[in-house]
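[1] just coords:
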Ligand SMILES: Nc1nc2c(ncn2[C@@H]2O[C@H](COP(=O)(O)OP(=O)(O)OP(=O)(O)O)[C@@H](O)[C@H]2O)c(=O)[nH]1
Ligand SMILES: [Mg+2]
């Protein structure tokens with residue numbers, strides 16, 4: 001099979017839409033709408049249904065990239081979007097009030113999907129907030145998740161986000177390389 005689907009999730013402002021647009025080889029399809037209730041994140045728009053882009057790999061493989069909304073009130077989309085996916089990218093905004101709470105929340109919300117597939121975690125906005133560190137995140141994870149790849153990424157940086165996707169693909173199948 002030459003087509004694979006991965007899903008990007010995480011809290012508001014973690015950079016899901018930004019990462020998919022940095023990675024996609026086609027124009028992305030987004031459902032951003034004006035955010036009236038997000039003054040805290042100083043972000044004008046938020047995803048209300050999904051983002052979609054395509055990453056083309058050498059050898060003709062295509063990775064379909066789906067982004068979830070970060071806001072919990074749109075969580076009915078989460079279950080729909082993971083359908084048929086082979087892995088999850090969890091982006092966490094290090095500049096949120098309690099990023100460990102976000103970590104636990106999203107690991108829990110997607111626990112069934114992660115159990116069937118795999119997950120890679122990207123920590124964004126570490127330029128704005130140095131702490132917690134990557135090692136601190138590893139220490140927060142339960143024993144069975146200690147091997148999960150966790151990288152510092154800037155969602156705007158294509159190199160950063162493609163490294164994270166490659167780590168995810170590699171953990172699924174060491175033969176499948178981007
Ligand atoms: N300074 C800094 N800004 C970043 C970094 N990564 C992403 N951003 C910015 O953070 C914002 C993220 O916005 P989005 O991509 O809309 O976030 P999202 O995860 O899709 O959010 P929702 O759709 O609202 O859930 C953008 O303004 C990015 O430019 C980073 O590493 N450092
Ligand atoms: Mg978004």
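    Yes, it's here. The model shown is predicted, which means the values in this text are computed figures rather than measured ones. Ligands and ions are numbered 1, 2, ... in the order given.
[2] Output the lowest mean pLDDT helix or strand found in the protein.
    Least confident helix or strand of the chain, by mean pLDDT, DSSP states H and E, is strand 29-34 with a mean of 92.
[3] quick one, what contacts residue 51?
    Going by C-beta atoms under 8 Å, 6 or more residues apart in numbering, residue 51 touches 8, 16, 17, 20, 21, 28, 29, 30, 31, 65, 66, 67. For glycine as for every other residue, the C-beta is placed from the backbone atoms N, C-alpha and C.
[4] Quick check: chain neighbours aside, which residue is closest to it?
    Leaving aside its sequence neighbours, residue 51 sits nearest to residue 67 (C-beta to C-beta, 6 or more residues apart in numbering; 3.3 Å).
[5] so what's the one you found bridging to?
    The partner list for residue 67 in beta bridges (DSSP bridges) reads residue 8, residue 51.
[6] Near it, how many other residues are there?
    Neighbours of residue 67 under the rule other C-beta atoms under 10 Å: 28.
[7] And residue 9, by the same measure?
    23.
[8] Residue 174 now?
    8.
[9] so, in contact with ligand 1 or not, the top helix by length along the chain?
    If you go by DSSP state H, the chain has its longest helix at helix 158-172. No: Helix 158-172 lies apart from ligand 1 when judged by C-beta under 6 Å from any ligand atom; the minimum separation is 8.0 Å.
[10] counting contacts, what elements does that helix pack onto?
    strand 3-9, helix 16-23, strand 87-93, strand 119-124, strand 150-152 (3 or more C-beta pairs under 8 Å, 6 or more residues apart in numbering; DSSP states H and E).
[11] helices or strands up against the longest one?
    Spelled out, it's helix 16-23. Secondary elements touching helix 16-23 (3+ C-beta pairs under 8 Å, 6+ apart): strand 3-9, strand 29-34, strand 45-56, strand 62-67, strand 87-93, helix 158-172.
[12] Residues touching it, excluding its own?
    Residues outside helix 16-23 that contact it (C-beta under 8 Å, 6+ apart): 8-10, 28, 30, 32, 47, 51-53, 55, 65, 67-68, 70, 89, 91, 122, 153, 155-158, 161-162, 165.
[13] check those against ligand 2, which are close?
    By C-beta under 5 Å from the ion, the members of those lying near ligand 2 are residue 47.
[14] Can I get the buried ones among the contacts of helix 16-23 as something I can paste into PyMOL?
    Per 16 or more other C-beta atoms under 10 Å, the buried members of those correspond to this PyMOL selection:
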select buried, resi 8+9+10+28+30+47+51+52+53+55+65+67+68+70+89+91+122+153+155+161+162+165
